[in-house]
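Participant: A predicted structure for the sequence below; I have some questions about it.
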Amino acid sequence: EVTLLLVLALAASGPAGAQDEELQPLSPLFARGGEAGDVEARSLQIYRIPLAYTLRDLEEERWGLRLTFPVSLGASEVTASSSVGDLFERFESVTVTPGVELQLGLGPRWRLKPFGEVGLTESGSAGGTEVTWGAGVRARGERELGATLLTLGGAARYASPRSYRAQLQDYTTLELGGDVQVPLGFSVGTRPASGGVYGVVRFFPDLEGPAAAVFDVGRLYEVGLSFSTDPPFKLWLVEIPWIGLGYRWGGPFSGLRLSLSFPF
């Protein structure tokens, strides 16, 4: 299954957003019908594959438009104590997030990206398809400081879970991140390589409902290593703009994340 989705990713790659994959591992607990506490998701792995199709290129027009459909693969181990006893879940999930993104140039360095999307998640143990609507805006900017490339990003998103509204009400996600890369002194083919470190912090300021006590998270942190080439290197004739491997933690969550694009 993972191999199939990786092949699909190579058909059309590009930066794209995604739903809140961290909240998905706890959804099977809601289906059991009990309130859970002392939850841990200590083996959380997320592989984010960006897929997008450009309808109107911002590089050639005053504004751009893209169809986005990133894919996220999750592998999780969740333990919890609940009103129906101790629970343990080990499962895999796939989230596909079709949406539309408007791109606006704000000077030579910044882009503003309003978007709307719907997340569709299939989990091996939860049963059925979980649906989450979302809308918001992302921003991204770059600045060269000598040989160092600094990339900054931010996002605000309003999400409306449809499958578990009795447990989790509509909520807001705020996100800030940065990536610093320097030349590595070698090339991939004829493409000079750069690498560095990145960090992202995500805020959930208004989680409400019975599930909010389960999540018990106001912030999530992620730090890791990044890699890119200029121009982007190609895999099966498809450009891969950025690779990041990071560790994410906060509240009950901890685990790895592999991304094939900067998340803004």
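Facilitator: Yep, that arrived.

Participant: drop to CA atoms for contacts and neighbour counts, all remaining ones
Facilitator: OK.

Participant: low pLDDT regions in the stretch 1-150 of the chain?
Facilitator: Scanning the stretch 1-150 of the chain for pLDDT under 70 picks out 1-19, 24-39, 41-43, 81-85, 124-127.

Participant: need the helices for the stretch 151-264 of the chain, in chain order.
Facilitator: With DSSP state H, counting those that start in this stretch as the definition, the stretch 151-264 of the chain shows helices at residue ranges 210-215.

Participant: was I right to think residue 251 contacts residue 219?
Facilitator: Yes: using Cα atoms under 8 Å, residue 251 is in contact with residue 219, at 7.4 Å.

Participant: can you list residues touching both of these two?
Facilitator: Counting by Cα atoms under 8 Å, 6 or more residues apart in numbering, residue 251 and residue 219 have no common neighbour.

Participant: how far away is the closest residue to residue 231 other than its chain neighbours from residue 205?
Facilitator: The shortest distance from residue 231 to any non-neighbouring residue, by Cα to Cα, 6 or more residues apart in numbering, is to residue 191 (6.1 Å). Distance of residue 191 to residue 205, given as Cα to Cα, to the nearest Å: 42 Å.

Participant: check residue 106 too.
Facilitator: 28 Å.

Participant: and residue 21, by the same measure?
Facilitator: Residue 21 is 17 Å from residue 205, by Cα to Cα.

Participant: same check on residue 88?
Facilitator: In terms of Cα to Cα, residue 88 sits 28 Å off from residue 205.

Participant: stretch 62-82: how far from the chain's middle?
Facilitator: Once both centres are worked out by Cα atoms, centre = their mean, to the nearest Å, stretch 62-82 turns out to sit 5 Å from its chain's centre.

Participant: can you show me the CA trace of it as PDB?
Facilitator: In PDB, the C-alpha atoms belonging to stretch 62-82 read as follows (Å, rounded to 0.1, in the frame of the first residue of the first chain):
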ATOM      1  CA  ARG A  62      -0.600  37.900 -11.600                       C
ATOM      2  CA  TRP A  63      -2.200  35.200  -9.600                       C
ATOM      3  CA  GLY A  64      -2.100  31.400  -9.500                       C
ATOM      4  CA  LEU A  65      -4.500  28.500  -9.000                       C
ATOM      5  CA  ARG A  66      -3.800  24.900  -8.100                       C
ATOM      6  CA  LEU A  67      -5.700  21.800  -7.300                       C
ATOM      7  CA  THR A  68      -4.100  20.000  -4.300                       C
ATOM      8  CA  PHE A  69      -4.600  16.500  -3.100                       C
ATOM      9  CA  PRO A  70      -1.700  15.600  -0.700                       C
ATOM     10  CA  VAL A  71      -1.600  12.100   0.800                       C
ATOM     11  CA  SER A  72      -0.500  11.200   4.300                       C
ATOM     12  CA  LEU A  73       0.300   7.700   5.500                       C
ATOM     13  CA  GLY A  74       0.200   7.100   9.200                       C
ATOM     14  CA  ALA A  75       1.400   4.200  11.400                       C
ATOM     15  CA  SER A  76       0.500   4.500  15.000                       C
ATOM     16  CA  GLU A  77       0.400   2.700  18.400                       C
ATOM     17  CA  VAL A  78      -2.100   4.200  20.800                       C
ATOM     18  CA  THR A  79      -2.700   3.200  24.500                       C
ATOM     19  CA  ALA A  80      -5.400   4.600  26.700                       C
ATOM     20  CA  SER A  81      -7.400   4.000  29.900                       C
ATOM     21  CA  SER A  82     -11.100   4.600  29.300                       C
END
